[in-house]
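Novice: Structure here, sequence nowhere to be found:
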């Protein structure tokens, strides 16, 4: 599947923190650079996400903001 | 200002592509890894974004998806 | 690629309306039910989207609201 | 109330899964096609959502992605 | 229609700036406090939005971030 | 830090409701007008958000919808 989302960052799952319905998944996308995703528990199970496994962080361009100092 | 968004990736603006009301800003957040942001032209002007300048890509955790091969 | 987004609706592209930087793509996901996506022109080209072609509308669960009469 | 969100899909609530603060609501929008919404528990109560009741899945066009095989 | 989005701010349309496919609509939700919405031109026409008219800014709770100084 | 998000509403934290992984934070942005944010527990701790403290509600323009009666 090829997706319109312009941002697909390859990395490794660092941690999966499951809540009651929502999980927080941390993915290291480059050395020292970790991206946090808040997704459903259902998706964590469907994708069989576990720490140490490969994964992509996927982000739609319209969900990215820009900041400057 | 400190923000709740869990993802703040430091980088360099690669390009700013202005449309009629919406701009696409590309930020290199690590060597070879470019993030695209779709923001208002108004924001591009307010932040004085230009190619070559420093910038952060900021993303709320609930806007990050995860994918696996 | 398998994605965490819980909503992947199969359909047919009805129209592609290109703006300066942003396109609106309409996908019929069931008879008479059309979903509109606002994505970058760049994505339209990368996915070679044209009216009549097959496509999926993909939506993260946290981006779906519920309404009642 | 008339809303700018371009996607308003009529359906029937299939299930409501309540977490500590966040609920997952599944709505069948056409036979066999189910949309999952992640909304606040507060909203579930305000809208009195229960399985079997009528409901709309509402999605802003800028939150819809497109994918192809 | 009653919506799950927790934030419905009543106000007055201050301006409508139409682009090629996307419009920016400014709504004053309290004296001096203006909210900007980026929506499709199609929605602007469907809702007949014009400066001076009444309107609500509607925002899903999961799209609101928090910041501190 | 200066952010591209067009909507930064100054206010006072009214309540912080922590779930298993996700918190709901209510911010009064003008007398009687309360905005609800759904953010990670991690962010609540990082920003030391407590009822009574000052805070901003920050919203990207593309996440704001418009409605009319």
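Specialist: Happy to help now that I have it. Because the structure is a prediction, the values reported are computed rather than measured. Residues are numbered from 1 along each chain as shown, chains lettered A, B, ... in the order given.

Novice: Paired strands for the helix or strand containing residue A:28, with orientation please.
Specialist: Assigned by DSSP states H and E, residue A:28 belongs to strand A:22-30. Strand pairing for strand A:22-30, determined by DSSP bridges: strand A:7-18 (antiparallel), strand A:33-40 (antiparallel).

Novice: which of the ones you listed sits most buried?
Specialist: strand A:33-40 (a mean of 24; mean count of other Cβ atoms under 10 Å in any protein chain shown). The C-beta positions use only the backbone N, C-alpha and C, and glycine is treated the same way.

Novice: So for the helix or strand that that one is followed by, what gets flagged as buried?
Specialist: Of the helices and strands lying after strand A:33-40 in sequence (DSSP H and E), the nearest is helix A:41-46. Neighbour-count burial for helix A:41-46 flags A:41, A:42, A:43, A:44 (criterion: 16 or more other Cβ atoms under 10 Å in any protein chain shown).

Novice: Quick one: residues contacting the second one.
Specialist: Neighbour list for residue A:42: C:6, D:24, D:36 [criterion: Cβ atoms under 8 Å, 6 or more residues apart in numbering or on different chains].

Novice: Local confidence estimate at the last one?
Specialist: Pointing back at residue D:36 there. Here the pLDDT value assigned to residue D:36 is 98.

Novice: Ignoring the adjacent residues along the chain, who's closest to it?
Specialist: residue C:6 (4.1 Å; Cβ to Cβ, 6 or more residues apart in numbering or on different chains).

Novice: Now for the one you found: which residues touch it?
Specialist: Counting by Cβ under 8 Å, 6+ apart, residue C:6 has contacts A:40, A:42, A:43, C:59, C:60, C:61, D:36.

Novice: let's see it at 7 Å
Specialist: A:40, A:42, A:43, C:61, D:36 (Cβ atoms under 7 Å, 6 or more residues apart in numbering or on different chains).

Novice: which one of those residues is nearest residue C:18?
Specialist: residue C:61 (28.9 Å; Cβ to Cβ).

Novice: what about the residue lying closest to residue A:48 once chain neighbours are set aside, how many neighbours?
Specialist: Nearest in space to residue A:48, with sequence neighbours left out and distances taken as Cβ to Cβ, 6+ apart, is residue B:68 at 7.6 Å. Residue B:68 is flanked by 16 other residues according to other Cβ atoms under 10 Å in any protein chain shown.

Novice: Settle this for me: residue B:68 is touching residue C:2, isn't it.
Specialist: Yes - if you go by Cβ atoms under 7 Å, residue B:68 and residue C:2 touch, sitting 5.3 Å apart.

Novice: Now for the two: what residues contact both?
Specialist: With contacts taken as Cβ under 7 Å, 6+ apart, residue B:68 and residue C:2 have residue A:47 as neighbours in common.

Novice: Just grab the bridge partners of the residue lying closest to residue A:62 once chain neighbours are set aside for me.
Specialist: Closest residue in space to residue A:62, ignoring its immediate chain neighbours: residue B:38 at 4.4 Å, by Cβ to Cβ, 6+ apart. On the basis of DSSP bridges, residue B:38 is bridged to residue B:24.

Novice: how close does residue B:38 get to residue C:37?
Specialist: 13 Å (Cβ to Cβ, to the nearest Å).

Novice: And for residue A:58?
Specialist: Taken as Cβ to Cβ, the span from residue A:58 to residue C:37 is 15 Å.

Novice: OK, contacts around residue A:30?
Specialist: B:30, B:33.

Novice: ok, now the one 4 residues further on?
Specialist: The contact partners of residue A:34, taken as Cβ under 7 Å, 6+ apart, are A:14, A:26, A:27, A:28.

Novice: so can I have a markdown table of these showing pLDDT and distance to residue A:51?
Specialist: Formatted as a markdown table, the contacts of residue A:34 follow (pLDDT from 0 to 100; distance: Cβ to Cβ, whole Å):
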| residue | pLDDT | distance to residue A:51 |
| --- | --- | --- |
| A:14 | 98 | 6 |
| A:26 | 98 | 9 |
| A:27 | 98 | 10 |
| A:28 | 98 | 10 |
